[in-house]
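Peer 1: The following comprises the amino acid sequence and a computationally predicted model.
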Amino acid sequence: MRIAVMTAGSRGDVAPYTGLGAGLARAGHEVTLVTHEVFAPLVAGSGVRFATLPGDPRAELHSPRGRGLHRSRNGAAKLLRAVALARRLAPEMTHPLVRAARDADVVLAGGTVAPLAYAIAEGLSRPSMGLFLQPLHGTREFPPPMLGTRSAGPLGNRLGGRAVVTAVDHVFTRAARALAAEHGLPAGRLSAARRARERRGWPVWHGFSELVVPRPRDWRPGLEVSGYWWPHDGAGSRLPPELEDFLAAGPAPVYVGLGSATAPDPGRVSADVVAALRAAGLRGVVQRGWAGLSAAQDDVITIGEVPHSLLFPRMAAVVHHAGAGTTGAALRAGVPSVPVPVQFDAHFWAARLVELGTAPGVLPLRRLGPAALGSALREAVRNPAYRERARYLAGRLAAEDGVAPVAAALERLAARA
């Protein structure tokens, strides 16, 4: 079966699909990941093909428009800015997505491009499924992850979820018009298409574990949780020699990184991190990431991109931006976390870590400072309860297979086609 997996956004919006794609390729499918060119190296050696989408998400986040996200003080304001940013780029993605769908038997739509990918699949009479990394559908049980963690009550939470998916539809309004004007596909409103697919029970698989976010009881049939899709690391992956030397030279250090998130003042954040590590008497591994963090000290090393699956199990704790994928990686490694959420769904995942008992608390980036971070690090590293709980969850996550349910659903989809 020829499968096109479509996604867009930051590294965290892409990396999980490399592992899922590799698993489907091992099952005998021809899988193509359709996303930004900057992420092509992530599929090397995985058996997954690659098709390019235009745009450089890192450059966009560092542009004046992207840095404007830091001026928003709440989730709703950030979401509106993000929608405006993405809406400008979306029309450019239409041509390559249509081309990839024409060459595929099945379209698997990542949450970030789901409205457009679904419309394309329907127009070309291709069966499709959704692949989401966050619980985007509204529920009474918790507020929309993209808007923060403050509950508006059961009805308000559900209405908030509808508002988020409506905003995502809005990203692709202009792009959807191009389907009819430039590709001869049926024209239609994305909001109407969304209501139609909900009525039909469009299958959506969520790439996280029910141990972390139990499936909401009020979700419709067809919205399922598969388990994590761990990123493909490649055979023979290893840590750089200089990092191995650093790890061997002393006790387990603390990882600090913000992943694909940016920071208004990376120099200040880097200095605060070093001061906090020193105050807590801990060594550190600082990952540059998209924020551009850097620290040059005898007891701190700065690194580039390395597989979290190899690094995190060797850490005393991980300080991270609480993206969906990094949150999963910390839990998989069985180490305590200090979540430093920056924006969007990060506050949701940070709160989950605290509730699961693997993190002492949430420390938003705007409140990060040597004293606060140092205190959180001491608690995370010296209180054994956090590591014990993390190890317990890691053992249970190791028994899950997030690829198998998706592979089985694909077979059922093909049988009905």
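Peer 2: Perfect, thanks for sending it.

Peer 1: Only C-alpha atoms from now on, for both contacts and neighbour counts.
Peer 2: Noted.

Peer 1: what are the ranges of the helices in the stretch 101-250 of the chain?
Peer 2: Along the stretch 101-250 of the chain, counting by DSSP state H, counting those that start in this stretch, helices occupy 114-123, 153-171, 173-183, 190-199, 241-248.

Peer 1: Tell me which of these sits nearest to Pro143.
Peer 2: Pro143 lies closest, by C-alpha to C-alpha, to one member of the helices of the stretch 101-250 of the chain: helix 153-171, at 4.5 Å.

Peer 1: Give me the distance from the closest one to the chain's centre.
Peer 2: The chain centroid and the centroid of helix 153-171 are separated by 19 Å, computed with C-alpha atoms, centre = their mean, to the nearest Å.

Peer 1: Make a markdown table out of the helices of the stretch 101-250 of the chain and add mean neighbour count and mean pLDDT.
Peer 2: What follows is these, written out as a markdown table (neighbours: other C-alpha atoms under 10 Å; pLDDT from 0 to 100):
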| stretch | mean neighbour count | mean pLDDT |
| --- | --- | --- |
| helix 114-123 | 24 | 89 |
| helix 153-171 | 19 | 84 |
| helix 173-183 | 17 | 75 |
| helix 190-199 | 14 | 82 |
| helix 241-248 | 13 | 97 |
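
Peer 1: In a markdown table, list those along with distance to Ala44.
Peer 2: Compiled in a markdown table, these are given as follows (distance: least, C-alpha to C-alpha, whole Å):
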| stretch | distance to Ala44 |
| --- | --- |
| helix 114-123 | 24 |
| helix 153-171 | 31 |
| helix 173-183 | 30 |
| helix 190-199 | 34 |
| helix 241-248 | 21 |
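
Peer 1: Nearest to Tyr255, out of the ones you listed?
Peer 2: For Tyr255, the closest of these is helix 241-248, at 11.3 Å, according to C-alpha to C-alpha.

Peer 1: From the chain's centre, how far out is that closest one? Work that out for me.
Peer 2: Centre-to-centre, helix 241-248 and its host chain are 28 Å apart (C-alpha atoms, centre = their mean).

Peer 1: and the closest residue to Gly9 other than its chain neighbours, how many neighbours does it have?
Peer 2: Nearest-residue entry for Gly9: Pro57, 6.0 Å, with adjacent residues in sequence omitted and distances by C-alpha to C-alpha, 6 or more residues apart in numbering. Look at Pro57: counted by other C-alpha atoms under 10 Å, it has 19 neighbours.

Peer 1: of the helices of the stretch 101-250 of the chain, which approaches His95 most closely?
Peer 2: With C-alpha to C-alpha as the criterion, His95 lies closest to helix 173-183 of the helices of the stretch 101-250 of the chain, at 8.3 Å.

Peer 1: Fine, thanks again, bye for now.
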